[in-house]
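Visitor: A structural model of the following input is requested.
(2 chains)
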Amino acid sequence: MAPSSPSNTASQLSSTATENDLQPFFVLHKASPRRKDRTSAGQGKSRKRNKLSPRLPHSAKKQEESTDEECDRYLCQQQQIEAFDIVWTKIESTIKDVLRELNASVFNIIQKWVQECFNTTRLVGEPSISVATRSFPVLSNTTPGKLYSALVVTRNIEFVDDIMTFEELGIFLKSHGCHVAMLSSMEFSLKNGIAGCLKALLREFLGNSFDPADISALASWYREQENYNKPLVLIVNDLERCCGSVLTEFILMLSEWVIKVPIFLIFGVATTVDAPRNIFPSHALECFCPSMFMLVTPAERMDAIVEAILVKHCTTFNIGHKVAQLLRNYFINQDGTVTSFIRALKVACLLHFSMEPLSLIQGRILVEDQEGSSGLSPETLLKCMHELPSHARNIMVDQTNESMAEGLSELVTVQKLWSTVVLCLYEAGKYSRVQLLDLFCESLNHVLYPSRDSVMSDEKDHGLSSTNDPFQQYSIMQSGGLICQIARRVRDLPPGKLDQLIESWDKITADISEIHEKLKILQSSVRCQDGKSSRRSSKDINKRCDKDSRMSNLQAIAFLDDLVRNYLRPIEGMPFNEIFCFKNVEKLQSVLIGDPRRRIQVDLLEFHNILCCSCCNKSGKGLLPSRHDSSIMYSLAQEHGDLINLHDWFQSFRTIVLQNTNKRKQKSKQTPLSKKRKEMNGSADQNEASIQARFCRGITELQITGLVRMPSKRRPDFVQRIAFGI
Amino acid sequence: MNDNENWEEEEEEEEDLEFSRNYFLAKELTSSVKKSKHKITDIDVVDEQELREASLHIQPKHEKEIAVLIDSYAAVYPEWLLSLRCGFALLMYGFGSKKALIEDFASKTLTEYSVVVINGYLQTINLKQVLIALAELLCDQVKAKRKVSGRQPSSTQSIEDLLTLLYEVEVEDSDSFVCVVIHNIDGPGLRDSETQQYLARLASCTHIRIVASIDHVNAPLFWDKNMAHTQFNWCWHHVPTFSPYKIEGMFYPLILAHGSASQSVKTAAIVLQSLTPNAQSVFKVLAEYQISHPDEGMPISDLYSVCRERFLVSSQVTLNSHLTEFKDHELVKTKRHSDGQDCLHIPLTTEALQKVLLEIS
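Guide: So this is what the prediction gives:
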């Protein structure tokens, strides 16, 4: 990791092809003896250095300094990795728990189904030992091999989100005493054939591969004492992607053996329940005895994850408004998978720790937090800060320390209040099907926050007389956006539902005394309204009741409005938020979503901006011969249609490349025209060859980037353009 | 916020429209402007040898700026290392050869990890050999630590088994991995979907990290969401270098070098080697005749009689079937001689022909 000088790398880069370049693969180097105790060695060394340094010669000192620097960097990276590991492990396990909880009920039902099916098959009659150990299938006339199969509808066309779910299902069933095999659509391919499937099946159940694979091996394995009496479950997580004919053959084979090998199938179905009908022919369909189960929708999963990770904050890691918007847009417009959303969070987390030195205390905070007290005390924070390497190096005044710790702990308090408000809003938003992700994005918008305040004061100044609707006095009803939508829904909630809502708020705010007190007031006044309406006689009940309930709604709105105004403060605008809050949206976008199609074209067309060279920048838009050859060629290609005539392209390239030499010659040597021409002819041959070679190389390079396609036999004089517009 | 979003959406739509508009404009341009009638043969191409020579000695431009640009990437090496150590893979893209850059990164920063380089720009790569080498490296590391010999990888194992072995290798130190550098993961030798699947599975092994480069603008289309998000787990890095694709471009024919000799020798030899020995011998007869009589073709009747004498064919029908095969592969063409007779000739230079004969003998 020695620091490099420009000439160093450049010379390496310009070295010509070596033998290794033509090897399909080679070992660049083996791991050097481990640094294992490099940290301690480094520290020891630095201590020694302090003693010895005056006597060391200059060069040795310099070297030592560089190794010290390296050690520092190494230590820092070690801490980054630790912090990332701690935080991400926590987030990941939380996500797993959340998903497991979501799936628990379906998994339980499926497990019961397996058990019931198993009992039914055994009722049909167990084969006697002599029958069962024969190496051919048992077929009884009463049930010609019915295969019990579960169609688990994923309600999600993206199978990548469900891979995990099915793995979890497998583990769940295993823990409930089933033998489980997982096969993917890759196994059911034409190339693999039935033999490949069987081999994979045996490997899954028996643990090792057999050649040639034979299902009787499975039957005899199943007869063994420890395996018997447990149902066999085969999970195929993406039915639609399997090759129909191979799967059909496989199913038919299994159905012949079903009495000796009681196997139950679980298919993940992404489209509709009709999927099997599209895949299997009728004689295979007859073998099935299907049941149907539903998984939760991706939107529900998304909401649950956002709630646990980003709203309830299982760790202190947080994201800024713009980052949240990027993730949301990426989810909604581009990718649509929960997996990629989680991955994006992971990348954000990595970048946060790699770019923000102070973020490292998060890992320590989390560890301390788990060890004992919940909630962050200023002392804990202070302690963590003391342990920071950056802190050790330049010790601050005690007072600053304390005020900083207070600032940090305020940050944590504000964040907690913020999450409670978001949860309250979400609870209310459930009546109007608001997605938490959207609400989350809106709540993070700190630009919204001051405007709400000013709107409020304006309203108060104007007085309420301007409008008859008492609801309009609350700014929350006017702000527009999701929060306003939620408030409107609360306004129209019938009394029963309103009570339910207030009850759920009660649970959410239980830990936060500040808000909980306000809720208590709301509850008591609502109760009071209820009491009034119940005492009233039935005559004027309708009218009064309506008015009273509207009063309750009004109070609920007032409560929400109060929360939003006072507590919905995203931490993004506060001091020290950088420690917890990742905000670098550009960096995240570039690491997360590569855009080679656009970026490579931009590289070519705006070559001079990237290289920051002075010569190519000069004359505005004209193509200068000093530009990179491929860049000139690609710029020229823009003038053509979807087909580029090679001859024309070459000629224009040649003109541009020669433009400079002509000019230069005119300037430097003011020779008569004839002499100049003569000179040019002299080097013309050589020139010509080199221009043609450059043209060829340009085309090769564009071909490597896939921007042009080579001439076909039908059109030998044209290449085809592939990309149109950036 | 809504306004903002709408605006963004509109902008996106606008971009989409712009894209399709560009496409149709380009199409229109072709039909409206009279298609250029110029032929590639109109270019006064210099001698092929000279062209090749010149292409080896192209003066590089902007050497200084490029060197500065490439050196600027050294500042982010620690960031790349961090991504690798945290379990991500690196995907480098941008114009210019990234081979030297990545190897420089690997040899400077990844000294504590074994590094295997796959040259994806080559035509054929035996993935199994790579997997064996990787498994051996990993097993060595395990052995060095535990002093116990585990399962040994061998060439008799299938790719499937090797991947399972790699997946299950247990290394105590979680920060110990073998880094696999793949130059041009979109290269011709790795382009098929099966190989990409295997690479994705390789990438998902706990103790393997991938650093790969792509050059083709459409390379991401290789990967479905599972491969890209969970198996490879890419961190994208835009690192244009503008260095010439020297080695990567070595296997592309020079567009101005027609019927480039080396290329046709190679293709001709490959075709011939796939034919029967008799067919090869028939071709040899024809080739020898052409070498001794460079200016004229060989009449079919002459070829038939020579072949019969040497017991290469028994009838005109067999000879014709051989000739059809040759013609299909453009190894032989028919010319009408001035006296009206159909003559056969091989569209290769004498030198090339001699090389072909050497290759197949």
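Visitor: ok, A:Gly145 to A:Leu232 distance?
Guide: Counting by C-beta to C-beta, to the nearest Å, the gap from A:Gly145 to A:Leu232 is 15 Å. C-beta coordinates here come from the backbone N, C-alpha and C atoms, glycine included.
Visitor: what about the helices in the stretch 1-150 of chain A?
Guide: Ranges of helices within the stretch 1-150 of chain A are A:6-14, A:38-52, A:58-124, A:129-132, based on DSSP state H, counting those that start in this stretch.
Visitor: circling back to that earlier point, more neighbours: which of A:Gly145 and A:Leu232?
Guide: A direct count of neighbours by other C-beta atoms under 10 Å in any protein chain shown for A:Gly145 and A:Leu232 places A:Leu232 higher, at 22 against 19.
Visitor: excluding its backbone neighbours, what's nearest the more buried one?
Guide: Leaving aside its sequence neighbours, A:Leu232 sits nearest to A:Ile263 (C-beta to C-beta, 6 or more residues apart in numbering or on different chains; 4.3 Å).
Visitor: before we move on, what about B:Phe88?
Guide: Using C-beta to C-beta, 6+ apart and skipping residues adjacent in sequence, the residue nearest B:Phe88 is B:Cys235, 4.6 Å away.
Visitor: do the same with A:Ile610
Guide: Nearest residue to A:Ile610 in three dimensions, chain neighbours excluded: B:Pro240, at 5.8 Å (C-beta to C-beta, 6+ apart).
Visitor: quick one: contacts for the one you found?
Guide: By C-beta atoms under 8 Å, 6 or more residues apart in numbering or on different chains, the contact set of B:Pro240 is A:Arg599, A:Ile600, A:Asp603, A:Ile610, B:Leu69, B:Gly94, B:Phe95, B:Gly96.
Visitor: okay, now the domains of the chain?
Guide: Let's take chain A. Following automatic domain parsing, one gets these domains for chain A: A:99-296, A:298-420+A:433-445+A:569-594, A:447-568, A:596-666+A:677-721.
Visitor: oops, chain B please
Guide: Looking at automatic domain parsing, the domains of chain B come to B:63-251, B:261-360.
Visitor: looking at those, which is buried most?
Guide: Each of those was scored by mean neighbour count; the highest is domain B:63-251, a mean of 19, by mean count of other C-beta atoms under 10 Å in any protein chain shown.
Visitor: per-residue pLDDT, the residue nearest to the spatial centre of chain B?
Guide: Residue closest to the average C-alpha location in chain B (C-alpha atoms, centre = their mean): B:Pro188, at 3.1 Å. B:Pro188 is assigned a predicted lDDT (pLDDT) of 87.
Visitor: these two touch, right, it and B:Tyr121?
Guide: Yes - with contact defined as C-beta atoms under 8 Å, B:Pro188 reaches B:Tyr121; the gap is 7.4 Å.
Visitor: and the residue in the stretch 151-300 of chain A that chain B sits nearest to, what does it touch?
Guide: At 4.3 Å from chain B, A:Val160 is the closest residue in the stretch 151-300 of chain A, using C-beta to the nearest C-beta. Counting by C-beta under 8 Å, 6+ apart, A:Val160 touches A:Thr337, A:Thr339, B:Asp224, B:Lys225, B:Asn226, B:His229, B:Thr230.
Visitor: Which member of the residues you listed is positioned nearest B:His207?
Guide: B:His207 has its nearest neighbour among these in B:Thr230, at 16.9 Å by C-beta to C-beta.
Visitor: Now do the strands in the stretch 101-250 of chain B.
Guide: In the stretch 101-250 of chain B, strands defined by DSSP state E, counting those that start in this stretch lie at B:114-119, B:178-183, B:208-213, B:234-238, listed in chain order.
Visitor: Can I get those strands in a markdown table including mean pLDDT?
Guide: As requested, those are exported to a markdown table (pLDDT from 0 to 100):
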| stretch | mean pLDDT |
| --- | --- |
| strand B:114-119 | 94 |
| strand B:178-183 | 95 |
| strand B:208-213 | 95 |
| strand B:234-238 | 95 |
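Visitor: per-residue confidence at the nearest residue to B:Lys61 once chain neighbours are set aside?
Guide: With sequence-adjacent residues excluded and distances taken as C-beta to C-beta, 6+ apart, B:Lys61 is closest to A:His628, at 6.1 Å. We have a pLDDT of 89 for A:His628.
Visitor: Give me the neighbour count for A:His628.
Guide: If you count neighbours by other C-beta under 10 Å, A:His628 ends up with 25.
Visitor: was I right about it contacting A:Phe607?
Guide: Yes - at 5.2 Å, A:His628 counts as touching A:Phe607 under the criterion of C-beta under 8 Å.
Visitor: Spit out the residues that contact the two alike.
Guide: B:Phe242.
Visitor: so where's chain B shaky on pLDDT?
Guide: Applying pLDDT under 70 to chain B picks out residues B:1-21, B:27-35, B:143-151, B:258-264.
Visitor: show me what contacts residue 154?
Guide: Since you didn't name a chain, this refers to chain A. By C-beta under 8 Å, 6+ apart, the residues touching A:Thr154 are A:Asp161, A:Asp162, A:Thr165, A:Gly268, A:Val269, A:Ala270, A:Leu295.
Visitor: wrong chain, I was asking about chain B
Guide: Contacts of B:Ser154 were listed using C-beta under 8 Å, 6+ apart, and they are B:Ile132.
Visitor: gap between it and chain A?
Guide: As for B:Ser154, its distance to chain A is 15 Å (criterion: C-beta to the nearest C-beta, to the nearest Å).
Visitor: Ramachandran angles for that residue?
Guide: phi -150, psi 160 (degrees, to the nearest 10).
Visitor: rewinding a little: tell me the two of the contacts of A:Val160 that are most distant?
Guide: Maximum distance among the contacts of A:Val160 (C-beta to C-beta): 11.5 Å, for A:Thr339 and B:Asp224.
Visitor: what's the next secondary structure element after the helix or strand harbouring A:Ser635?
Guide: In the assignment (DSSP states H and E), A:Ser635 maps to helix A:629-637. Per DSSP H and E, helix A:629-637 leads on to strand A:643-645 as the next helix or strand towards the C-terminus.
Visitor: Show me the contact partners of that following strand.
Guide: Counting by C-beta under 8 Å, 6+ apart, A:Ala637, A:Val708, A:Arg715, A:Asp717, A:Phe718, A:Val719, A:Gln720, A:Arg721, B:Thr30, B:Lys35, B:Ser36, B:His38 sit against strand A:643-645.
Visitor: Could I get the contacting residues of the residue lying closest to A:Ile512 once chain neighbours are set aside?
Guide: Closest residue to A:Ile512 in three dimensions, ignoring its sequence neighbours and counting by C-beta to C-beta, 6+ apart: A:Thr420, at 5.0 Å. By C-beta under 8 Å, 6+ apart, the contact set of A:Thr420 is A:Ile508, A:Thr509, A:Ile512, A:Ile515, A:Leu563, A:Tyr567.
Visitor: so how many other residues sit close to the fourth one?
Guide: Residues near A:Ile515, counting by other C-beta under 10 Å, number 23.
Visitor: ok, back up a step: to A:Gln78, which of the domains of chain B lies closest?
Guide: For these, proximity to A:Gln78 was assessed by C-beta to C-beta; domain B:63-251 is nearest, at 9.1 Å.
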